[in-house]
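Asks: Sequence below, structure please.
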Amino acid sequence: MARRRRTQKAPGNPVANDGSNVSDSPGMTKRDLENALNGPQIEAVTNIDGPMLIIAGAGSGKTRVITWRIAWMLDRGIPQSAILALTFTNKAAREMEERVKELTGKKLQNLTVSTFHAFGVKILREEIALLGYRSNFSIYDESDRRELIKESLRECRLSPDGADLYALGQLFSDVKEGRRRWDGAGKEAANPEFERVYEEYQKSLKIFNALDFDDLLMLPLELFEKFPETLQKYRARCRYIMVDEFQDTSLSQYRLARLLSNGNICVVGDDDQSIYSWRGANFENILMFERDFPGTRVIKLEQNYRSTTTILEAANGVISNNTNRKEKTLWSGNGGGKPVELCFPEHESAEGDFIAGKIHELCVRERLTYDDFGILIRTNALTRSIEEALLAQNIPYRVSGGQSFFQRKEIKDIISLLRVIANHDDEVNLLRVINTPRRGIGRGTVAALSALARKNHSGLWEAMQRFCDEGSVGQAALFDAEEGGPVSASALSGIKASVAAFTALIGEERTAFLRDGGTGGEENSGAGSPGTAKRRRTLSEKVRALVDRVDYWSYLVSEHSKNEKIARWKFLNIESLIRSIETWERDPDNPDTGLYAWLNRISLITRDDREDEEKGKVNLMTIHASKGLEFPVVFIAGAEDGIIPHSRALDDGGEEDGALLPLEEERRLFYVAITRAREKLIISSCRARRRMQSTGECTPSPFLEEIPPHLVEETEADRVLNEADTDAVFARLKSRFGM
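Replies: All right, here's what the predicted structure looks like:
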């Protein structure tokens, strides 16, 4: 788990039971601040009037400054109700409020620490009648929104069957927030064919007295622009405004804060960490703030409390190549630190092995625990080989900001099928695959089979066999509860045929997979002279044949008929699984390459024993998900051109599926990854990587050349612990157990 700096409670006047100061005089002095903050931080905390822009570099104590600033204002007699602090997640808002409570000892019932959207809801509950809505409006989630878009398509005499509802939703959001237009002007023009659908969608929202997520920002803006007296009421109420993570604000969020402000506004952010343009964030808000608020006091927080000097110099070297930024240079009092390690593995499997081996090495040499490590990747597509390596070396891990490769539905479907083949009585997995892919065994049939199992005190598999073997007399009654009455003889016959086909499939595949004890393969059928040994099929070949037999590809196509690209991507994940089995089979250190051995290995991925709880887990996550976190040791995997920067990034910004990826934002993303490291940074760049069905050569990320060379030390991918290290491990183990 990432370490976070704890906040110390400020000295001050005694606190009464109701949370107020006993004394009327200010309880927090500058001496208190000097004991807790550095010079620029104190300046940011104590200047509370007028516009202020705090440029807070990575690890510079941004949240600490915000909480102390709120506490300072409260201590100076500013009412809680006059302070509005806006941030981006409910979690961040709760953490900020708790830290202010800890610092001040006050209950803070009237202090507003909120997300932008939650504050928008608060305004609309009070004022939305002015726009013709009722105050008990509903807020549509994504599912509700897609259903309304479907209905709007039908109202416009368009079929929703072939429509990409997600893309339409994104288009409607862009139009509503002003990022795209219907009129065809400019490269950001929207598709005018859907303008009628959008108008119908908006009309339906009004009829149903409902708002979508975008309305929670856009309607307050409309309210304030149409009704100046309402705006003045909120300006008088919110006399001191603070905005956290200002670089992540969208234009509409900035407009809302600007409209509300009467001049006492403080925004805190770091343009070098603006990495969310694809969801509407506009890092140029920082540049506009100084223009829109003349006389802005600018304070830079450049002292980093997280990382070593080496890591910060590496980060500075990279980000200095961005031209559209506020100039600053992070520095640290934590000392020089270790060089940045750079490794060039042959391929992604070697990269995973290197990372896992390095974790073991550092755990031994530096007595680190697993949760001291963060492995950062640009996209979730890179997780599989890393997960495989961690699994192979018995290293527990968690995946954040995305889904574990082994938890993806298509992968779980195939693994569940293999578990049922290995063990008929594994009912959790049996229920998962009994009708996946669809084979005519619906919920009613499953309920009837479960009732039969309970009646005979048996497992579900035995009940399925009994159902197929016994006569039909009385079996139709099993379906009463689910089907509303006994099924017909012909329907019952069809159900029995479906169940029998499934049990036959599992039985035949069990024979094929477990022949010869499951440690080798089976003999292929086909021509061959009598007595000639035929090549045995490997486990990976059997799995591929099973995937073909159940026709999983057709199932994916039917499930994603509106977007075959998703079906192809999911099928490629299955192919990656099969390739990983091939790699495992070729390992000469694996004496048993049968189904049971492989399933036992996969089971390790979800183990949760006491030892793991004590040691924690390695953190595997996307760079986007790592923002705000820190780790003693950080690996940046896949530092290759086309991955970071992403292949969609161009000098002037590339676009795919509406997502803009400017090259400078990709550099900011790499900067964020570097600055997650506290003590050690290790970067890997593969010489070759498999994509789709082929392996291609890779070029190192151009960002690597921007790290000053004197900070970098190249390391071999196959480094292992030496004999002295191993002896030290055993010596510590003996000492631990009193040997």
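Asks: For the chain, spot the helix or strand the model is least confident about on average.
Replies: Comparing every helix and strand of the chain by mean pLDDT, DSSP states H and E singles out strand 654-656 as the least confident one, with a mean of 39.
Asks: pLDDT averaged over stretch 398-406 - what is it?
Replies: Confidence for stretch 398-406, expressed as mean pLDDT, is 75.
Asks: distance between the ends of it?
Replies: Criterion C-alpha to C-alpha, to the nearest Å; first-to-last residue distance in stretch 398-406 is 12 Å.
Asks: Also stretch 584-602?
Replies: One end of stretch 584-602 to the other measures 12 Å (C-alpha to C-alpha).
Asks: I'd assumed Leu211 was in contact with Leu219.
Replies: Yes: with contacts defined as C-beta atoms under 8 Å, Leu219 counts as touching Leu211 at a distance of 6.8 Å. Backbone N, C-alpha and C define where each C-beta goes, glycine included.
Asks: Pull up the overlap in contacts between these two.
Replies: With contacts defined as C-beta atoms under 8 Å, 6 or more residues apart in numbering, the residues adjacent to both Leu219 and Leu211 are Leu124.
Asks: Tell me where the stretch 401-550 of the chain is predicted with low confidence.
Replies: Within the stretch 401-550 of the chain, the ranges that satisfy pLDDT under 70 run 401-403, 471-487, 516-535.
Asks: If we use 50, what do you get?
Replies: Low-confidence segments of the stretch 401-550 of the chain, defined by pLDDT under 50, are located at 481-483, 517-533.
Asks: which residues of it fall in helices?
Replies: With helices called from DSSP state H, counting those that start in this stretch, the stretch 401-550 of the chain shows them at 409-422, 427-433, 443-455, 460-469, 480-483, 489-514, 539-549.
Asks: ranking these by burial, who's on top?
Replies: The highest mean neighbour count among those belongs to helix 409-422 (a mean of 21), with neighbours defined as mean count of other C-beta atoms under 10 Å.
Asks: before we move on, back to that, and the helices of the stretch 401-550 of the chain as TSV, adding distance to Thr699?
Replies: Listed next are the helices of the stretch 401-550 of the chain as TSV, based on distance: least, C-beta to C-beta, whole Å:
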stretch	distance to Thr699
helix 409-422	30
helix 427-433	42
helix 443-455	52
helix 460-469	53
helix 480-483	58
helix 489-514	42
helix 539-549	30
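Asks: Specify the stretch among those that is closest to Leu390.
Replies: When these are ranked by distance to Leu390, counting by C-beta to C-beta, first place goes to helix 409-422 at 15.9 Å.
Asks: what packs against that closest one?
Replies: Contacts defined by 3 or more C-beta pairs under 8 Å, 6 or more residues apart in numbering; DSSP states H and E place helix 409-422 against helix 427-433, helix 489-514, helix 539-549, helix 552-559, helix 564-586, helix 595-603.
Asks: could I get those helices as TSV with distance to Ala315?
Replies: Formatted as TSV, the entries for the helices and strands packed on helix 409-422 read as follows, by distance: least, C-beta to C-beta, whole Å:
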stretch	distance to Ala315
helix 427-433	45
helix 489-514	51
helix 539-549	42
helix 552-559	42
helix 564-586	33
helix 595-603	38
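Asks: pLDDT below threshold where in the chain?
Replies: Within the chain, the set of residues satisfying pLDDT under 50 comprises 1-26, 187, 481-483, 517-533, 606-614, 651-660, 726, 729, 732-733, 736-737.
Asks: burial count for Glu151?
Replies: Taking other C-beta atoms under 10 Å as the criterion, the count of residues near Glu151 is 14.
Asks: ignore the last one, Thr323
Replies: Using other C-beta under 10 Å, Thr323 has 6 neighbouring residues.
Asks: Without its sequence neighbours, what residue ends up closest to it?
Replies: If you skip the residues right next to it in sequence, Thr323 has Glu664 as its closest partner in space, 7.5 Å away by C-beta to C-beta, 6 or more residues apart in numbering.
Asks: For that neighbour, give its distance to His646.
Replies: Using C-beta to C-beta, to the nearest Å, Glu664 is found at 13 Å from His646.
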